[in-house]
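# Have a look; sequence and predicted model below, questions after that.
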Amino acid sequence: MTQKESKAQLHGMDAALARTPFFYGWAVVAIVFITMGIGVNVRTSFSLLFPAILNEFGWDRATTAAAFSIGFALAAILAPIVGKLIE
């Protein structure tokens, strides 16, 4: 069976993916790369926003840092559980 014949037998989304000029997996890699980059930057922007949070809520530094630390630790603890649930 030639490549032209095998593409002719595809239907729906498979046929659309077969017509793309690049491997579809690279599109997935690019989307994940951008998503992870945004997610990491949002998570670590706390240090940039720390003075503004202190001024806005009037909390002391220890309370504000504790809230961030507890959230970060909770996310780390729940990550494997959420991963299993997503599968």
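Right, received. Where do you want to start? Residues are numbered from 1 along each chain as shown.

# Can you say which helix or strand has Ile31 in it?
helix 24-44 (DSSP states H and E).

# Centre of the chain to that helix, how far?
Centre-to-centre, helix 24-44 and its host chain are 5 Å apart (C-alpha atoms, centre = their mean, to the nearest Å).

# And the helices in this protein?
In the chain, the segments counted as helices under DSSP state H are 3-8, 13-19, 24-44, 46-57, 61-86.

# Dump the second one to PDB, keeping only the CA atoms.
Listed in PDB are the C-alpha atoms of helix 13-19, where the atom choice follows Å, rounded to 0.1, in the frame of the first residue of the first chain:
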ATOM      1  CA  MET A  13      -9.700  14.000  12.200                       C
ATOM      2  CA  ASP A  14      -7.200  11.400  11.100                       C
ATOM      3  CA  ALA A  15      -7.400  12.700   7.500                       C
ATOM      4  CA  ALA A  16      -7.000  16.300   8.700                       C
ATOM      5  CA  LEU A  17      -3.900  15.400  10.700                       C
ATOM      6  CA  ALA A  18      -2.400  13.400   7.800                       C
ATOM      7  CA  ARG A  19      -2.600  16.600   5.600                       C
END
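
# rewinding a little: put together TSV for the helices of the chain, with mean neighbour count and mean pLDDT on each row.
C-beta here means a position set from N, CA and C on the backbone, and glycine is covered the same way. Formatted as TSV, the helices of the chain follow (neighbours: other C-beta atoms under 10 Å; pLDDT from 0 to 100):
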stretch	mean neighbour count	mean pLDDT
helix 3-8	10	53
helix 13-19	11	73
helix 24-44	10	87
helix 46-57	11	90
helix 61-86	11	92
